[in-house]
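>>> generate a structure from the sequence data that follows.
(chains A and B)
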Amino acid sequence: MNIRYIFLAIVIFFSLCLPLLAVTEFLFLEPYVFFYVPIYQLPNFLSIVIISALTGLVLSMSVYRIRFLQASTKKLRSGLLGSILGAGAGACCGGVGVALISIFGTVGIAATTFLTNLEIPLRLISIGILIFTYLMIIKDLNRECNLNFDVKER
Amino acid sequence: MYAILLVSAFILFGMSSQSVSAQEIPSWIKNTAGWWAEDRINENDFVKGIEYLIQNEILKIPQTQISKTQESNDIPPWIKNTAGWWARNQISDTDFVNGIQYLISQEIVSVTNPSQELRESTIQKIGTFDISKAGSVEGYDDAAFTIIMFSDYQCEKCALWFQHEKNLLTEELIDSGKARFYHLDFPFLGGDSFLASEASHCANDQNRYADYQKILYEKQNGINNGWASHDSLVGYAADIGLDTKQFDSCILWDKYKLHVQHNKEVGSFHGVVGTPVFFIINSDDTTKKITGPQPPMIFQKVINDLESN
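Model (predicted):
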């Protein structure tokens, strides 16, 4: 067990989850700092937590593979794609959506429209990509490190 | 010599640009002219619409003298043809304006401007917010606090807040007499947002603002994907039993375009960039901002804080 990579996963989780919760308006900053998850928004909230947790796991494992096993950055990239897709979905209308509109004008409106209209499918695709990447990394680590976790546990 | 030519060119350019600006016509008016030419709207609606556009200075027509030469108040067929040709870009803006000037000269179109004084007297302010163009107000006149909500009908968070949190807010703060509630438009998510806001004001013409707003939030389903198109909006009006002919004409003529624009400007002036955003104002005009779809208990806490200060 490598504490540094567990710590990295936790840092990635929080640094993705907190901004996302603020952007998707579960974490409010004005007039008081206040955290609120209404029951009707529970699936939305859970999807953000799952995406953040998977991102933390996948990115820290990818960094480990790249640093110690000189592996390619392909899985890191697919992990990042999954995270960005999940983060972007449903960012309207409070923060990121508005920033996109104001910075990119018509293109921003189109991007916000796309991300908002396909919020749930995009989140599911994002989770799918992250889970797939996670499984691939586990498989690679098993092969590259020549370890068998089942045997080790016994 | 060159200097004289250059000065003459500037004078000519200046004169020509002045005449263009005097007849600036927003391109969307072409659509309505085309609809009239195609009999999709009737003559009366066309005249009313043109009058509204001129009176509100959306359509700027050079000053025209009244010199009635025709006895009836019917629009001559050539005007309709002109409107159709203009809609199809077969004739210039000036030709269309000439036609409108003819209607004004025959007193078929009336261009009496509402006086500036009358307009100014309709400004209704709470704190620094002009709420004169708000759709409707909920609550008692003597309520100590005012809640102003800025929202976009295509914003999902606004719809969810309205469906799940608003009732409790109404029970706790509005029905109890503590606060009044105003809804101001802040359409920023594209054309359908603007249209939906205009439609809500059109419903207000028939005293059904709240019902129409409710159905809009219930039907909310994404951004610019058709749920708030012109036809859908008329459909919702029919669903709640509005006079669809009147409603349709109101939307076609952009009757409340200026109201919606005004409300959006009020929001922008107060730093609104996304929706929903709320402002709570007390009787001495102290204002607190609530950003995002927050629950009623936060509104209650802000009010308690304002009361204790």
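>>> and the strands in chain A, which stretches?
A:27-28, A:34-35 (DSSP state E).
>>> for these, which one ends up most surrounded?
strand A:27-28 (a mean of 20; mean count of other CB atoms under 10 Å in any protein chain shown). (Each C-beta comes from the backbone N, C-alpha and C, glycine too.)
>>> just for the chain, where's the confidence low?
I'll assume chain A. Across chain A, residues meeting the criterion (pLDDT under 70) sit at A:1, A:69-80, A:82-117, A:144-154.
>>> wait, I meant chain B there
Residue ranges of chain B with pLDDT under 70: B:1-24, B:26-27, B:57, B:63-71, B:111-123.
>>> show me chain B divided up by domain.
Chain B breaks down by automatic domain parsing into domains covering B:23-105, B:121-308.
>>> what about the helices in the chain?
Assuming you mean chain A. A:3-23, A:42-69, A:74-88, A:96-117, A:119-145, A:149-153 (DSSP state H).
>>> meant chain B actually
Under DSSP H, chain B gives helices at B:2-22, B:29-37, B:43-55, B:77-87, B:93-105, B:116-121, B:156-164, B:166-169, B:191-205, B:209-219, B:230-239, B:244-252, B:257-269, B:296-308.
>>> of the ones you listed, which is nearest B:Ala134?
Counting by CB to CB, B:Ala134 lies closest to helix B:257-269 out of those; the figure is 7.1 Å.
>>> close to chain A, is the closest one?
No - applying CB under 8 Å from any CB of the partner chain, one finds helix B:257-269 separated from chain A by no less than 11.4 Å.
>>> so that helix versus helix B:191-205, what angle?
120 degrees (axes from the mean of the first three to the mean of the last three CA atoms, to 10 degrees).
>>> about what we covered before: the strands of chain A into JSON lines, with extra columns for distance to B:Glu265?
Shown next, in JSON lines, are the strands of chain A (distance: least, CB to CB, whole Å):
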{"stretch": "strand A:27-28", "distance to B:Glu265": "26"}
{"stretch": "strand A:34-35", "distance to B:Glu265": "30"}
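>>> out of the ones you listed, nearest to chain B?
strand A:27-28 (5.2 Å; CB to the nearest CB).
>>> partner strands of the closest one and their direction?
Its sheet considered, strand A:27-28 pairs with strand A:34-35 (antiparallel) by DSSP bridges.
>>> run through who's touching the strand it pairs with.
Residues from elsewhere that reach strand A:34-35 (CB atoms under 8 Å, 6 or more residues apart in numbering or on different chains): A:21, A:26-28, B:294, B:298.
>>> check stretch B:291-309 too.
Taking CB under 8 Å, 6+ apart as the rule, stretch B:291-309 contacts A:25, A:28-32, A:34, A:36, A:38, A:94, B:144-145, B:147, B:157-158, B:160-161, B:165, B:168-169, B:172-173, B:178-179, B:274, B:276-278, B:280, B:282, B:286, B:288, B:290.
>>> stretch B:265-278 too?
Contacts of stretch B:265-278 (CB under 8 Å, 6+ apart): A:93-95, A:97-98, A:102, B:128-131, B:147-152, B:155, B:157-158, B:161, B:184, B:186, B:188, B:279, B:289-294, B:299.
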